[in-house]
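Here you go, sequence then predicted model.
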Amino acid sequence: MTRLRGYRGTDRELLAGPWLPGELLGLPVAGRPPLAEPAAVAEPDGTEGGRDELCIVPDTGFVRWTDIDWVNRRACLEIGLHRRPDDLPGLLAAAVEHGFHGLNLHRLYGWVTPAAQPPAAALAACGFRREAVAPEGMWFDGRAVDREIWGAVRRD
């Protein structure tokens, strides 16, 4: 199983890369133009109890829970990876496990862009289901494409 760890200043280069911004499962995009602006997330600001939680996938990328609603116990999940890890299902499971049990959240959700061909089976195996479609919600590969919101609910 993939291990997540806390962010360190030396991990800065893992916060920007060749995935779509804000994706639930941001994997490198095949055929991405070399001059395309990389997706990036901000470094943690060091304050406790904020609305974001960031973990690092060593030598691979990051997992981030954003817009954390501590009252309703939900957050948006974003993942950004420089390469596809050998254990992608394990990484997703670790992200869900930390969100549900480490952060005590009851619902996780995130954006999926079907045109980027994400591994939907891996998302479904971790409890995510498509909840809604935003028609032409993103510009990708020279055209407007649909974007979907996928969510998972804690069952225990």
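Everything's here; your move.

SS state for residue 89?
Under the three-state scheme (DSSP: H, G, I helix; E, B strand; the rest coil), the conformation of residue 89 reads as helix.

same question, residue 122
Taking three-state DSSP, the label given to residue 122 is helix.

Show me where the chain has its helices.
Per DSSP state H, the chain has helices spanning 88-97, 120-125. These are given in chain order.

Mean neighbour count for the ones you listed - can I get that in a markdown table?
The C-beta positions use only the backbone N, C-alpha and C, and glycine is treated the same way. Rendered in a markdown table, the data for the helices of the chain read as follows (neighbours: other C-beta atoms under 10 Å):
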| stretch | mean neighbour count |
| --- | --- |
| helix 88-97 | 19 |
| helix 120-125 | 14 |
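
Mind putting the ones you listed into a markdown table with distance to residue 76 and mean pLDDT?
Rendered in a markdown table, the data for the helices of the chain read as follows (distance: least, C-beta to C-beta, whole Å; pLDDT from 0 to 100):
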| stretch | distance to residue 76 | mean pLDDT |
| --- | --- | --- |
| helix 88-97 | 12 | 95 |
| helix 120-125 | 14 | 94 |
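
Any chance of the ones you listed in a markdown table with distance to residue 8 as columns?
Output for these, formatted as a markdown table (distance: least, C-beta to C-beta, whole Å):
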| stretch | distance to residue 8 |
| --- | --- |
| helix 88-97 | 18 |
| helix 120-125 | 27 |
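
Tell me which of the ones you listed lies nearest to residue 154.
Between residue 154 and these, the shortest separation by C-beta to C-beta is 8.8 Å, and it involves helix 88-97.

Determine how far the closest one lies from the middle of the whole chain.
Centroid separation between helix 88-97 and its chain, computed with C-alpha atoms, centre = their mean, to the nearest Å, is 11 Å.

Right, I'll call it a day here.
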